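Colleague: Can you look at this prediction? I've put the sequence above it.
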Amino acid sequence: MRLCPCQIDRFPDGEVAVQLLAPVRHKTVFLVQPTSPPVNDHLIKLLVLADACRRAVAPAGALVSASLVQGEHHGNTLCSSHGSG
């Protein structure tokens with residue numbers, strides 16, 4: 001598996017611009033993006049990158065996003081909690 005270089009910039013109006021710097025045609029693509037703050041920026045970049053791969057005719061893809069879950073102690077057990085919105 002090889003990494004595909006890409007360039008992520010912003011247009012003057014603030015919109016995200018993505019350019020794939022290697023061909024992905026007929027290749028399975030795995031997109032890896034954290035969801036750490038700033039969450040909105042990371043998710044938009046991920047979605048724009050997925051769209052760029054789709055337009056470049058990648059036949060299949062998977063989105064991989066690491067989510068750090070906060071743990072809260074409740075008595076003797078460790079419960080994970082995370083916001084949904």
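Modeller: Yes, it's here.
Colleague: who does Val18 bridge with?
Modeller: Ile8 (DSSP bridges).
Colleague: Excluding sequence neighbours, find me the nearest residue to Cys6.
Modeller: Leu20 (5.2 Å; Cβ to Cβ, 6 or more residues apart in numbering). To be clear about C-beta, it is placed using only N, CA and C from the backbone, and glycine gets the same treatment.
Colleague: repeat for Lys27
Modeller: Here the residue nearest Lys27, using Cβ to Cβ, 6+ apart, is Ala58, at 5.9 Å.
Colleague: Next, the contact list for the residue nearest to Cys6, please.
Modeller: Cys4, Cys6, Ala52, Cys53, Ala56 (Cβ atoms under 8 Å, 6 or more residues apart in numbering).
Colleague: and the helix or strand harbouring Ile44, which residues are buried?
Modeller: Taking DSSP states H and E as the definition, Ile44 sits inside helix 39-55. Using 16 or more other Cβ atoms under 10 Å as the test for burial, helix 39-55 gives Lys45, Leu46, Leu49, Ala50, Ala52, Cys53.
Colleague: Next: stretch 7-21.
Modeller: Here stretch 7-21 shows Val18, Leu20 as buried, counting by 16+ other Cβ under 10 Å.
Colleague: ends of it, how far apart?
Modeller: 7 Å (Cα to Cα, to the nearest Å).
Colleague: same thing with stretch 3-15?
Modeller: Taking Cα to Cα, the first and last residues of stretch 3-15 lie 25 Å apart.
Colleague: Mean confidence (pLDDT) on that stretch, please.
Modeller: Averaged across stretch 3-15, the pLDDT comes to 92.
Colleague: Give me the contact list for that stretch.
Modeller: Stretch 3-15 has contacts (Cβ under 8 Å, 6+ apart) with 16-22, 24, 29, 45, 48-49, 52.
Colleague: Quickly note the distance from the residue nearest to Cys6 to Pro38.
Modeller: Here the distance between Leu20 and Pro38 works out to 23 Å (Cβ to Cβ, to the nearest Å).
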